[in-house]
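Chemist: Sharing a model prediction with you, sequence too.
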Amino acid sequence: MTDLVDSFLAALPDDPNIISFDSVTVRYGRVTALEGVSLEIPCGSSTAILGANGAGKSTLLRSVMGWQHLSAGEIRIGDAHPHHARPRLAYVPQRHSVDWDFPITVRGVVEQGRYPSLGIFRRLSANDRGLVDAALDELGIADLAGRQIRMLSGGQQQRVFLARAVAQGGDIFLLDEPFTGLDLFGSEELTHILRGWVAQGRTVLAAVHDLGVARSCFARGILLKTRLVASGPIGDVLSPANIDTAYRGGQHCVHDGHAHGEAAP
Amino acid sequence: MTLHDLLLSPFAYAFMRRALLSAALLGVSGGLIGCVLVLRRLALMGDALSHSLLPGVAAAWYFFGTSTTALFFGGLAAGLLTALGSALLSRLTRVKEDAAFGSLFIVFFAAGIALVSKLPSRVNLTDFLFGNVLGVNPGEIGLAAAVCALTVLVFAVFYRSVLLETFDPVFHRASGGRGGLVHMGFLTLTVLNLVAAMQTMGIVLALGLFLLPAVSAYLWCDRFRSMLLVSVAIAVLSSAVGILVSFHAGLASGASIVLCLGVVFILSALFSPRHGALGALRFGRGRAPSQ
C-alpha cells in the first residue's frame, strides 16, 4: 500500500516549471531561427519574449504551440509533448492579422474557442454556452455579444480575442504582440487583464516589442538573438549589457547571417 | 402577355426545365463557394483558375469527343495543375503566388485557345467560353447534381472548419485543425464546381455565378451563416430570372444570368443600409481602404 502511495507521489509533478526548452534549435532551410535555446518558464508566471525583429520571438511561440518542427532539442509542457498539451494552450493572434469586416459577431468569435473540443459532429452544448457566457462576462463584453466585430473600439476588439482564449479553457496563454496598435488606455487595460490572469494561476507568455511595456507588465523575460541572451526576472534580463547584446550586436558579429534571417512563415 | 406566359410557359420545353435545374443546382453550390472566395480574397485567383480549365477540356474533347466524364476529368486535371503549379512556383522561386497564378493561367488559356483552333470546326469556341445553358444534356445535370450535393455536404459537415479556416487560419491550426487539408480540399471543390458550371455558364462567365451572389450577400449580412444562405438565395433566384430573360429576349444564357446577378450586386452596393455607398455618402462615413 505504501508502495502505491509512494509511486503515486513520485508521479506527481513537483516541478514548478510548466514549459521547458532543452537546447532547442529551429531551422528554416539554411536560416537558423533559434539555436540551442534552453530555458524554463514557471507555472503561473507572466513572461515577455523580447528581441529584435527576426530574433526568433514568433518562432519560439510557434514552437510552444507545437507547430514548428524542431531540428534539435525538446520542448515539454508540464510532462507532455506540445502536441498532447494542446487543450491547455490558448493562442491570441496579432490584431492586424484579423479581417475586421468578416461577417461575424463578438459571440461568434468567442464560440470558436469551444470548437476544438467539439470535434466535427457535436454541436455546442449548454455547458459550452455557459463557458462562452462566462468568458464574455470575464472580459466585460457581454453587452456587445451581438455586435459585428468592426463596430468595436481597439481595446474591445482585443478583449474579444482574449475572451475566445478564455473560452478554450486552457491555463497557458500565448499572445503574439498583444500590445501592438493599442493606445495608452488599451495597453493599461490589457496589463490589468493579464495581471488578473496570473493572479488566478494562469501562465502568460507574450511576444513583446516595447521594452517599457515589458518592464511594467511582465514579471519575467526571455531575451533572444537566435540564441538565448538571457532569461529570468525581467529586471535582470533587461540589463544594459544584455540589451546591448540583443539589439546592437554586442559581442556577436553583426554580419552573423543567422540572426538577420527574418523568420519565414 | 400574361404572367403565365412570362414565367411558366417557357418551362413547357424540356430544354428549359433542364436549364433551370442545372442553373439552380450550380447556384446553390456556387453561392456557398463564392462566400469563401470573397472572404479569403481569392476572387481573382478563382477567375484565373476558371480560365485555366480550357486546355484540359479542349484536350479531352480532342481525344474522347463530347463525353461528359472526359470533359470533367480534363478540366479537373488542368485546374489542379494550375493551382498546384503556382503553389510550387511561389515556394521554390522568387515569384509570389499571385504573379505565379497570373502567369500560369494565361499560358494555360492560350494553350487552350490554340488547341480549340485545331479541333474539328463543328466545335464552337463560344460554347466553351460563354456556355450554352439551353444545350445542357442529362449527363451534365447529373454532374451538376453530384457536385452540388458534395459541396452542400462539405459545408454542412465541416461548417466549423470552413468558418475557422476562412476567418482565422492561424487559430485553426493552433487548435489542431488541418488547415492545409481544408485549403486544398476547398481548391479542389472550387475546381469541381467550375468544371460542372462550364456547360451552363462557360469558362469565362462561370465565376460570375460564384462571386456576384457572395459579394452581394457580403454587403447585407453580419453573420457567416446568413451570408451563406442569402448568397445561395440570390444565386438561385437570379439564375431562374436570367434564364427567363434569355428565353424571352433571345440573349446568351450565361450572360443573361450574370447580368441579373450584376443588377443585384449594384443595387446592394448602392442601397445596403450599413455597408452600401449611399449610406456612406449620406452619413459622411467614407471607409479607410483596408490594409
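Modeler: Everything's here; your move. Numbers count the residues shown, from 1 in each chain, chains lettered A, B, ... in the order given.
Chemist: Could you list the residues of the stretch 151-265 of chain A in contact with chain B?
Modeler: A:164, A:168 (CB under 8 Å from any CB of the partner chain). Quick note: C-beta positions are derived from backbone N, CA and C, even for glycine.
Chemist: residue boundaries of the strands in the stretch 151-265 of chain A?
Modeler: A:172-176, A:203-207, A:220-225, A:227-233 (DSSP state E, counting those that start in this stretch).
Chemist: so how far is the second one off the chain centroid?
Modeler: For strand A:203-207, the separation from the chain centroid amounts to 4 Å (computed by CA atoms, centre = their mean, to the nearest Å).
Chemist: other SSEs contacting that strand?
Modeler: In terms of contact count using 3 or more CB pairs under 8 Å, 6 or more residues apart in numbering or on different chains; DSSP states H and E, strand A:203-207 is assigned the packing partners strand A:17-28, strand A:31-42, strand A:46-50, helix A:57-65, strand A:172-176, helix A:184-199.
Chemist: deepest of those, which one?
Modeler: Among the helices and strands packed on strand A:203-207, strand A:46-50 has the highest mean neighbour count (mean count of other CB atoms under 10 Å in any protein chain shown), at a mean of 26.
Chemist: list the contacts for the spatially most central residue of chain A?
Modeler: In chain A, the C-alpha nearest the mean C-alpha coordinate belongs to A:Leu174, at 1.6 Å (CA atoms, centre = their mean). Neighbouring residues of A:Leu174 by CB atoms under 8 Å, 6 or more residues apart in numbering or on different chains: A:61, A:64-65, A:89-92, A:205-206.
Chemist: between these, which is nearest chain B?
Modeler: When the contacts of A:Leu174 are compared for distance to chain B (CB to the nearest CB), A:Tyr91 wins out at 4.0 Å.
Chemist: Doesn't B:Thr66 belong to a strand?
Modeler: No: counting by DSSP: H, G, I helix; E, B strand; the rest coil, one finds B:Thr66 to be coil, located in no strand.
Chemist: Would you quantify the distance from it to chain A?
Modeler: Using CB to the nearest CB, to the nearest Å, one gets 40 Å for the distance from B:Thr66 to chain A.
Chemist: try B:Leu3
Modeler: 36 Å.
Chemist: repeat for B:Cys260
Modeler: 23 Å.
Chemist: Show me which residues of the helix or strand encompassing that residue are buried.
Modeler: Assigned by DSSP states H and E, B:Cys260 falls within helix B:253-271. Within helix B:253-271, the residues scored as buried using 16 or more other CB atoms under 10 Å in any protein chain shown are B:253-261, B:264-265, B:268.
Chemist: what do you get for stretch B:155-168?
Modeler: Here stretch B:155-168 shows B:155, B:158, B:160-168 as buried, counting by 16+ other CB under 10 Å.
Chemist: same thing with stretch B:204-217?
Modeler: Taking 16+ other CB under 10 Å as the criterion, stretch B:204-217 shows B:204-217 as buried.
Chemist: how distant is it from the center of its chain?
Modeler: 6 Å.
Chemist: Not counting sequence-adjacent ones, nearest residue to B:Ala48?
Modeler: B:Phe105 (3.8 Å; CB to CB, 6 or more residues apart in numbering or on different chains).
Chemist: In the one helix or strand the one you found maps to, which of the residues would be classed as buried?
Modeler: In this structure, B:Phe105 sits in helix B:97-118 according to DSSP H and E. For helix B:97-118, a neighbour-count test (16+ other CB under 10 Å) marks B:100-102, B:104-105, B:108-109, B:111-112, B:115-116 as buried.
Chemist: Likewise for stretch B:195-202?
Modeler: Buried, per 16+ other CB under 10 Å, within stretch B:195-202: B:195-202.
Chemist: From those residues, which land in helices?
Modeler: B:195-201 (DSSP state H).
Chemist: okay, who's weakest in those residues by pLDDT?
Modeler: Minimum pLDDT for those is recorded at B:Gln199 (77).
Chemist: Now the closest residue to that residue other than its chain neighbours: phi and psi?
Modeler: Leaving out its chain neighbours, the residue that sits closest to B:Gln199 by CB to CB, 6+ apart is B:Glu140, at 4.8 Å. With angles defined as degrees, to the nearest 10, B:Glu140 sits at phi -70, psi -30.
Chemist: Surely B:Glu140 and B:Ala19 touch.
Modeler: No: judged on CB atoms under 8 Å, B:Glu140 makes no contact with B:Ala19 at a distance of 10.6 Å.
Chemist: so what's in contact with those two at the same time?
Modeler: Counting by CB under 8 Å, 6+ apart, the residues touching both B:Glu140 and B:Ala19 are B:Thr200.
Chemist: In the chain, where is pLDDT below threshold?
Modeler: No chain was given, so I picked chain A. Along chain A, the model assigns pLDDT under 70 to residues A:1-15, A:249-265.
Chemist: The chain in question should be chain B.
Modeler: Under the criterion pLDDT under 70, the flagged ranges of chain B are B:1, B:121-124, B:283-291.
Chemist: Spell out which residues of it are next to chain A.
Modeler: So far as CB under 8 Å from any CB goes, chain B lies against chain A at B:39, B:157-158, B:160-161, B:163-164, B:166-168, B:170-171, B:173-177, B:218, B:221-224, B:226-227, B:290-291.
Chemist: Show only the entries of the residues you listed found in strands.
Modeler: If you go by DSSP state E, those have nothing in strands.
Chemist: Tell me which residues touch the nearest residue to A:Leu194 once chain neighbours are set aside, please.
Modeler: Distances taken as CB to CB, 6+ apart put A:Val204 closest to A:Leu194, at 5.4 Å, once the chain neighbours are dropped. By CB under 8 Å, 6+ apart, the residues touching A:Val204 are A:45-47, A:173, A:175, A:194, A:197-198, A:218.
Chemist: closest to A:Val166 among the buried residues of helix B:97-118?
Modeler: B:Phe101 (39.5 Å; CB to CB).
Chemist: any idea how far the closest one is from chain A?
Modeler: Taking CB to the nearest CB, one finds B:Phe101 at 18 Å from chain A.
Chemist: Pull the contacting residues for B:Gly139.
Modeler: Per CB under 8 Å, 6+ apart, neighbours of B:Gly139: B:Thr68.
Chemist: Please say which of B:Glu140 and B:Ala19 ends up with more neighbours.
Modeler: A side-by-side neighbour count of B:Glu140 and B:Ala19, using other CB atoms under 10 Å in any protein chain shown, places B:Ala19 first with 29 against 20.
Chemist: and the more buried one, helix, strand or coil?
Modeler: Put simply, B:Ala19 is helix when judged by three-state DSSP.
Chemist: Contacts only, for it.
Modeler: Neighbouring residues of B:Ala19 by CB under 8 Å, 6+ apart: B:133-134, B:136, B:200, B:243, B:253.
Chemist: which residue sits closest to it, ignoring its sequence neighbours?
Modeler: Closest to B:Ala19 by CB to CB, 6+ apart is B:Val133, at 4.5 Å.
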